[in-house]
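Q: Sharing a sequence plus its predicted fold:
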Amino acid sequence: RYSTTGASTFTNTQPLMVSHKGKTLAVAHNGNLVNSIELRKTLEESGSIFQTTMDSEVVLHLMARNCDNGLDEALAKTFQQLKGAYSMLFMTEDTMIAVRDPDGFRPLCLGRLTNGGWVVASETCALDLIEAEYIRDIEPGEVLILKKDEEMRSIHPWPKQDPHYCIFEQVYFARPDSDVFGSNVYEARKRMGRILAREARIDADIVMPFPDSGNYAALGYAQESGIPLEFGVIRNHYVGRTFIQPTQSMRDFNVRVKLNPIRSFLKGKKVMIVEDSIIRGTTGKSRVRALREAGVKEVHMVVSCPPTRHACYYGIDFPSASQLIACSKNIEEIAEYLGLDSLHYLSLEGLVEATGLNPKHFCLACFDGKYPIEPDQNFHKNALA
């Protein structure tokens, strides 16, 4: 996985593998630890030497210090020191250990292969690819131990609490063919579009996504509004997601080569663009400019989530509020910056309604600034460098 803490270098590539007392241990981590700076400083002062700038390596050092107490005690002592988001998988030669933080910020699920082998993945679509059967989600606050030739064991080192699922998984991050937090992502995104159509009805000739992230909300919007759904831009499928590119120059380049408007079709039309989110705004600005150059008469945009105004410290790669366009501009100013005729966002209530889940069980901090776990305000992507 690409790193949300630490530079995007080969050294920081996961899974991370170490050897300790004749045992090899590998770890893969989805999420961010909010107390990694403090923990790493303490470990370094007591002699620990770090090879990467990832927060995940902190966990390995803590495990090594507690391993003489037995596996269960080492796991309990290690993870009771951690704060933040972590869906983790550890592997030794004969044991696999899945850990999910008490808030359950990031998804984690258990599957089983036809030969009886166990599989742990962030999303259920990964199980489909290898023809594994989905068994269940790893529960928030659960440590699941799968050892060769032994029964599966589960321990819960933390007191029971309400979860705080990251709602941005449903908006953008998870694949649409996954079930996340007990809800199908494809269906949830279509519902976002339907609710958005009820909240913001615009006179337009066509509804159109910028493929692929806005596709499913656009489908819901078109079905609810009755405005035809069209694909007026064609995506180059050999280019990755621009949002997760590590540098602005890479994002700008990929925007130029990723989508190409169908000029003869779009010319003279009033177009309704459906986007899943607007983070920095640089991607949207260049896309709207391309539509204007293609002869589009009007460009309106609806967004299937509220304005993203606050930094995420739990594993989504916008850890600085200064990078977020909605932090410094209101909706009218964002519309002007992007070159739009109008701009509308889905309400927070509408977004939660679309998931079909309990609103108390979500982390909505990137929208409302209410953090379930107090973050370290000094944290940034390269804080451990």
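A: Nice, thanks for sending it over. Residues are numbered from 1 along each chain as shown.
Q: now the strands: where do they sit in the stretch 101-250 of the chain?
A: In the stretch 101-250 of the chain, the strands defined using DSSP state E, counting those that start in this stretch lie at 109-112, 118-121, 133-137, 143-147, 153-155, 165-166, 179-180, 183-184, 206-209, 233-235.
Q: What's the local residue count around the closest residue to S328 other than its chain neighbours?
A: Leaving out its chain neighbours, the residue that sits closest to S328 by Cβ to Cβ, 6 or more residues apart in numbering is S322, at 7.8 Å. Placement of C-beta: from N, CA and C, glycine included. S322: 8 surrounding residues under other Cβ atoms under 10 Å.
Q: do you know how far S322 is from L229?
A: Going from S322 to L229 by Cβ to Cβ, to the nearest Å gives 36 Å.
Q: again with E349
A: For E349, the distance to L229 - Cβ to Cβ - is 25 Å.
Q: Of these two, which one has the most company?
A: L229 (19 against 12).
Q: State the pLDDT value of the residue nearest to that one when sequence neighbours are not counted.
A: Residue nearest to L229 in three dimensions, not counting chain neighbours: A222, with 3.7 Å by Cβ to Cβ, 6+ apart. You'll see A222 listed with a pLDDT of 98.
Q: My guess is A222 contacts N215. True?
A: No: assessed by Cβ atoms under 8 Å, A222 is found out of contact with N215, at 10.7 Å.
Q: of those two, who's got more company?
A: Neighbours were counted for A222 and for N215 using other Cβ under 10 Å; A222 has more, 23 against 20.
Q: Now do the same contact list for the more buried one.
A: Counting by Cβ atoms under 8 Å, 6 or more residues apart in numbering, A222 touches 193, 207, 228-229.
Q: farthest pair in those?
A: Largest separation among the contacts of A222 by Cβ to Cβ: G193 and P228, giving 14.1 Å.
Q: Which of those two has more residues huddled nearby?
A: G193 (29 against 11).
Q: surely that one meets S225?
A: No: G193 is beyond contact range of S225, at 9.0 Å (criterion: Cβ under 8 Å).
Q: Longest strand in this structure, please.
A: Ranked by residue count and defined by DSSP state E, the top strand of the chain is strand 23-30.
Q: partners of that one, with directions?
A: strand 16-20 (antiparallel), strand 87-91 (antiparallel) (DSSP bridges).
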